[in-house]
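> Sequence and predicted model, in that order:
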Amino acid sequence: MKNKKISILYVDDEENNLFSFKATFRLKYKVFTAISGAEAIELVKNNPIDIIITDQRMPEMTGVEFLEEVIKIDAAPMRILLTGYADMAAVVDAVNKGKIFHYLNKPWSEKELDETIQRAYEVYTERQKIIETNAQLETSNDQLEFMLRQKLLS
């Protein structure tokens with residue numbers, strides 16, 4: 001997993017922000033961009049995404065609404081919310097409904113955003129390991145239960 005490029009989906013209704021993000025991070029990460037929540041949902045359905053970064057203020061679907069929809073499709077990606085407004089209600093919704101990992105103000109600083117992506121990916125990989133371990137434990141438990149039943153029946 002060390003050599004794998006982190007896949008990031010950046011969602012923003014301002015095309016210049018999409019170009020800027022892609023230009024800044026395309027060499028370091030596998031970058032997907034979407035200009036709307038609906039477009040982003042299709043990308044999540046069809047691509048493995050590790051981290052989602054979304055703007056809050058978008059027409060048709062806010063960042064929080066988009067993240068709520070994403071969770072129904074795939075709860076694994078880490079979620080980061082960006083907004084140019086100090087809208088506390090949106091931040092509270094993002095934490096409670098969109099289950100975000102981190103909240104950043106726009107305009108974002110490359111260094112701060114990159115550090116946040118790195119921290120989010122560390123948490124993401126740890127969560128994936130825990131999920132894998134739990135699946136292995138469930139399998140072992142099922143096997144032991146089966147063996148115990150066989151023993152009791154014989």
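Yep, it's here.
> helix or strand right after the lowest-mean-pLDDT helix or strand in the chain?
Sorting the helices and strands of the chain by mean pLDDT, DSSP states H and E puts helix 88-96 at the bottom, at a mean of 67. Proceeding N to C from helix 88-96, the next assigned helix or strand is strand 102-105, under DSSP states H and E.
> need the next SSE after that next one, C-terminal direction.
helix 110-153.
> and that next one, how far from the chain's centre?
Distance of helix 110-153 from the chain centroid (Cα atoms, centre = their mean, to the nearest Å) equals 17 Å.
> With stretch 34-47 instead?
12 Å.
> And for stretch 146-154?
43 Å.
> May I have the distance across stretch 100-107, first residue to last?
18 Å (Cα to Cα, to the nearest Å).
> roughly how far apart are residue 148 and residue 141?
10 Å (Cβ to Cβ, to the nearest Å). Quick note: C-beta positions are derived from backbone N, CA and C, even for glycine.
> Same question for residue 152.
16 Å.
> who are the neighbours in contact with residue 42?
Residues counted as contacts of residue 42 (Cβ atoms under 8 Å, 6 or more residues apart in numbering) are residue 34.
> Please confirm that it is located within a helix.
Yes: judged by DSSP: H, G, I helix; E, B strand; the rest coil, residue 42 forms part of a helix.
> Give me the pLDDT for it.
At residue 42, the pLDDT value in this model is 97.
> how near is it to residue 49?
12 Å.
> Could you do residue 24 as well?
18 Å.
> Next, count neighbours for the nearest residue to residue 121 once chain neighbours are set aside.
With Cβ to Cβ, 6 or more residues apart in numbering as the criterion, residue 121 has its nearest non-adjacent residue at 5.2 Å, and that residue is residue 6. For residue 6, the neighbour count with other Cβ atoms under 10 Å is 19.
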